[in-house]
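# the amino acid sequence is not available; the structure is as follows:
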């Protein structure tokens, strides 16, 4: 695996691969890699000749009171995992390389839909930071395919819309959610869960699946289902940020005649904000 810290040198290397007819897959990350990240790298390997991974803790997507300074930075361990996964190129820029004119004056990419609800409601400006850095990374790497985790469903939906709206020549692929044995979705923030909380945090996933089963069984009282699920989560001691049944593409509140639904939830532990989702397809009713 070759490691690049500068845009120009990475572009030169990838230009040679592209001229040789190689198909390039890309997995953007913020590091602190776990099995779910490696699964995305392996997914990119299945359909591409060259796999590029980036590690960049993007300050532009963190709010004033969020955990940018606490976000785990485990570069040496990440490199070891990526080498074992047969990643070809790793891009690891610093803030100056990505934002040479400073973040305050950085040109922004704004997706006006799907970004002020769910995670966007509690994290103002977050998705503007995501779409901006992903656009920059796409321009740097120029991949044929980019793989994103399905756990961050809203992020995936926003990026798909951005790529569609801006006519970006990149295929967006979703990597399945990688879970612990009890159903908890793997996340870099799981390290902030206390030992006392750990046996209870799977309630988020349990409630998502319970709602999915209720809908598949015929229930369409979506708001009542959302309230019942919130009470389940609060009943084991966690604060709910949101719990919503949405149209899978638009993320608008689901209508009773929608066939593609995604149930999304977020909750707070004492030191972490956890998110998860479950998607279902309904037949003709």
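Received, thanks. Computed from a predicted structure; not experimentally measured. Numbering: from 1, shown residues only.
# could you report the neighbour count for residue 278?
20 (other Cβ atoms under 10 Å). In this view, the C-beta of every residue, glycine as well, is placed from N, C-alpha and C.
# can I assume it sits in a strand?
Yes. Counting by DSSP: H, G, I helix; E, B strand; the rest coil, residue 278 is found in a strand.
# you'd agree it is up against residue 210?
No. Look at residue 278 against residue 210 with Cβ atoms under 8 Å: they stay out of range, at 9.7 Å.
# and the nearest residue to residue 81 once chain neighbours are set aside, what element?
Counting by Cβ to Cβ, 6 or more residues apart in numbering, the nearest residue to residue 81 once its immediate chain neighbours are dropped is residue 33, at 5.1 Å. Assigned by DSSP states H and E, residue 33 belongs to no helix or strand.
# so residue 243 touches residue 207, yeah?
Yes. Counting by Cβ under 8 Å, residue 243 touches residue 207, with 7.2 Å between them.
# what do those two both touch?
Residues touching both residue 243 and residue 207 (Cβ atoms under 8 Å, 6 or more residues apart in numbering): 229, 233, 265.
# just name the closest of those to residue 130, please.
If you rank the shared contacts of residue 243 and residue 207 by distance to residue 130 using Cβ to Cβ, residue 265 comes first, at 19.6 Å.
# now do the buried residues in the helix or strand encompassing the closest one.
Assigned by DSSP H and E, residue 265 belongs to strand 260-268. Using 16 or more other Cβ atoms under 10 Å as the test for burial, strand 260-268 gives 261, 262, 263, 264, 265, 266, 267.
# show me which pair in those is furthest apart.
261 and 267, at 19.9 Å, using Cβ to Cβ across the buried residues of strand 260-268.
# now the strands for the protein?
In the chain, the strands defined using DSSP state E lie at 2-4, 24-29, 50-55, 89-91, 145-149, 171-175, 239-247, 260-268, 273-281.
# show me what the fifth one is packed up against.
Right, strand 145-149. In terms of contacts (3 or more Cβ pairs under 8 Å, 6 or more residues apart in numbering; DSSP states H and E), strand 145-149 is packed against strand 24-29, helix 35-47, helix 153-165, strand 171-175.
# chain center to that strand: distance?
Distance, stretch centre to chain centre, for strand 145-149: 9 Å (Cα atoms, centre = their mean, to the nearest Å).
# just checking: what are the partner strands of it?
strand 24-29 (parallel), strand 171-175 (parallel) (DSSP bridges).
# the inter-axis angle of the last one versus helix 153-165?
Same thing as strand 171-175. With axes from the mean of the first three to the mean of the last three Cα atoms, to 10 degrees applied, the angle from strand 171-175 to helix 153-165 works out at 170 degrees.
# going forward can the numbers begin at 50, since that is how I track them
Taking 50 as the first residue, the last one we looked at is strand 220-224.
# how about strand 220-224: buried residues?
221, 222, 223, 224.
# so what pLDDT did the residue nearest to the third one when sequence neighbours are not counted get?
Closest residue in space to residue 223, ignoring its immediate chain neighbours: residue 199 at 4.6 Å, by Cβ to Cβ, 6+ apart. pLDDT for residue 199: 96.
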